[in-house]
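Undergrad: need a 3D model of the following:
(one chain, ligands or ions: 2)
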Amino acid sequence: MTDSLARRLTCIDCGAAHPLAYLLQCERCHGLLELTYDLDRLRRDGPAIFTGTGLWRYAPVLPIADPAHRVTLGEGGTPLLDCPRLARDLGVRRVLVKFDGSNPTGTVKDRSSATAVGAALQFGYRATSVVSSGNAGSSIAAYAARAGLRSLIFAYERASAPKLLHMAATTADLIIYKGVYDDLITLWDRLVEEKLFFDCGASRNAYKQEGKKTLAYEIAEQTAWVPPDVIVAPVAVGETFIAMLRGFREMREAGWIPRVPRMVAAQATRANAIARAFREGTAITPLKIGYTVAEGLAAGNPGKKGDWVLRLLREEKGLAGDAEDEEILDAQRRLARTEGVWAGPTGVATLAVLIRLLARRQLEPAQTICVIISETGLKTEAEVPSRVGAAFDYDSLRRLVTERLPAK
Ligand SMILES: *Cc1c(COP(=O)(O)O)cnc(C)c1O
Ligand SMILES: [Zn+2]
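TA: Ligands and ions are numbered 1, 2, ... in the order given. So this is what the prediction gives:
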């Protein structure tokens with residue numbers, strides 16, 4: 001197995017290089033840090049450097065050095081589904097769905113939890129913590145348990161029942177907080193400084209974010225190193241978006257792929273600080289937000305990560321959009337009916353945004369468009385169909401079947 005090719009942490013603002021320590025910001029200018037790798041080695045060895053399956057197949061481009069710290073529940077290696085019926089429905093040449101709902105806790109968060117908890121082991125921590133609307137909490141709790149670490153999970157009071165059940169099952173320390181993510185995260189981020197626990201939050205930790213980069217590597221490999229023209233990715237704070245774009249840039253620099261796909265940042269209209277700033281050509285103004293069905297995207301103040309997303313969107317000529325809750329629920333039904341993929345509202349906001357951008361002719365339909373569907377539908381609540389049961393005898397049963405399925 002190839003070692004990690006991570007070499008240093010680099011400041012995204014001033015470029016200062018730092019050693020591979022547990023550092024959350026640049027020591028010179030307090031900017032965010034990103035991991036940099038031995039790209040010459042990637043160029044020389046090519047994709048044959050990857051061995052094994054799942055997320056840790058990509059260990060050479062992840063920052064966890066010791067294989068003993070590579071905690072796993074079987075994450076990654078999720079399907080990239082060619083969706084011709086959905087493509088026809090949307091009037092797009094080709095649509096690919098990257099279904100990350102098939103991860104162990106049902107969301108994309110398992111990618112970052114694997115490297116977050118791996119990094120907690122790497123730096124000798126015994127406890128982790130996270131502030132979550134539900135998905136990060138259930139994922140970090142599961143990975144911490146798997147690694148034998150404690151997890152102090154702060155969960156949104158409006159998190160759906162399946163998420164709360166999941167968290168209560170996997171951690172002994174579940175704390176429900178009042179208000180939304182933004183109300184607690186600044187206070188919690190201050191506690192991170194005191195090193196009472198390992199930072200499994202989304203604001204700063206480069207090691208945690210890095211796991212989500214494997215989405216880009218998987219998509220590239222699943223398309224034989226000719227990635228789709230466009231990728232629509234969900235954005236709450238921006239980890240998924242930033243990590244994916246970094247992955248594609250690494251592969252382009254290593255000469256593995258001809259170009260970086262055009263990246264579209266998808267948000268819920270009720271938490272659209274980044275999409276709005278992009279549209280208006282301004283800096284981000286933090287929003288006071290309420291509830292959105294896309295619970296996992298409910299962040300009104302994406303902080304420095306949000307600024308980073310905006311910068312990347314402008315550098316790479318990306319696109320940003322948002323969709324209202326009703327559009328998200330409509331996209332959820334449409335995906336389930338046309339392709340059998342049952343996604344949660346957070347996970348399907350990308351498709352709703354794609355539908356809107358196509359309707360407004362902001363995206364060209366004669367392309368291959370990949371949508372990241374980041375959450376299974378099994379983790380959220382919705383209105384349940386009527387439970388009033390019917391009693392049948394043979395005749396009434398036969399009548400029903402022949403009515404519903406008339407003979408050809
Ligand atoms: C957290 C989350 C996201 C995106 O969050 P980022 O912080 O922007 O990476 C997307 N989908 C789901 C299901 C999530 O839980
Ligand atoms: Zn700096």
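Undergrad: alpha carbons only for contacts and neighbour counts from here, please
TA: Will do.
Undergrad: run through the residues of the protein sitting next to ligand 2.
TA: Proximity of the chain to ligand 2 (Cα under 5 Å from the ion) is limited to residues 11, 14, 26, 29, 31.
Undergrad: how about the fourth one, what does it touch?
TA: I take that to be residue 29. By Cα atoms under 8 Å, 6 or more residues apart in numbering, the contact list for residue 29 reads 13-14.
Undergrad: so it sits in a strand?
TA: No - going by DSSP: H, G, I helix; E, B strand; the rest coil, the assignment for residue 29 is coil, not a strand.
Undergrad: circling back to that earlier point, could you turn the buried ones of the residues of the chain next to ligand 2 into a PyMOL selection?
TA: In PyMOL, this line selects whichever of the residues of the chain next to ligand 2 come out buried by 16 or more other Cα atoms under 10 Å:
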select buried, resi 11+26+31
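Undergrad: where along the stretch 151-300 of the chain do the strands fall?
TA: Along the stretch 151-300 of the chain, the stretches classed as strands by DSSP state E, counting those that start in this stretch are 173-177, 198-199, 230-234, 262-268.
Undergrad: take the ones you listed and write them to TSV, including mean neighbour count, mean pLDDT and distance to ligand 1.
TA: Putting the strands of the stretch 151-300 of the chain into TSV (neighbours: other Cα atoms under 10 Å; pLDDT from 0 to 100; distance: least, Cα to the nearest ligand atom, whole Å) gives the following:
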stretch	mean neighbour count	mean pLDDT	distance to ligand 1
strand 173-177	17	97	17
strand 198-199	27	98	14
strand 230-234	27	98	5
strand 262-268	27	98	9
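Undergrad: so which of the ones you listed is nearest residue 77?
TA: Among these, strand 230-234 comes nearest to residue 77, with 17.4 Å by Cα to Cα.
Undergrad: mind checking pLDDT for the residue lying closest to residue 308 once chain neighbours are set aside?
TA: The shortest distance from residue 308 to any non-neighbouring residue, by Cα to Cα, 6 or more residues apart in numbering, is to residue 242 (7.7 Å). Listed pLDDT for residue 242 reads 98.
Undergrad: thought residue 32 was touching residue 9?
TA: No - using Cα atoms under 8 Å, residue 32 is not in contact with residue 9, being 9.5 Å away.
Undergrad: which of those two has more neighbours?
TA: Neighbour totals were compared for residue 32 and residue 9, and residue 9 leads with 26 against 23 (other Cα atoms under 10 Å).
Undergrad: follow-up on the earlier one: which of the residues of the chain next to ligand 2 sits closest to ligand 1?
TA: Among those, residue 31 lies closest to ligand 1 (Cα to the nearest ligand atom), at 18.0 Å.
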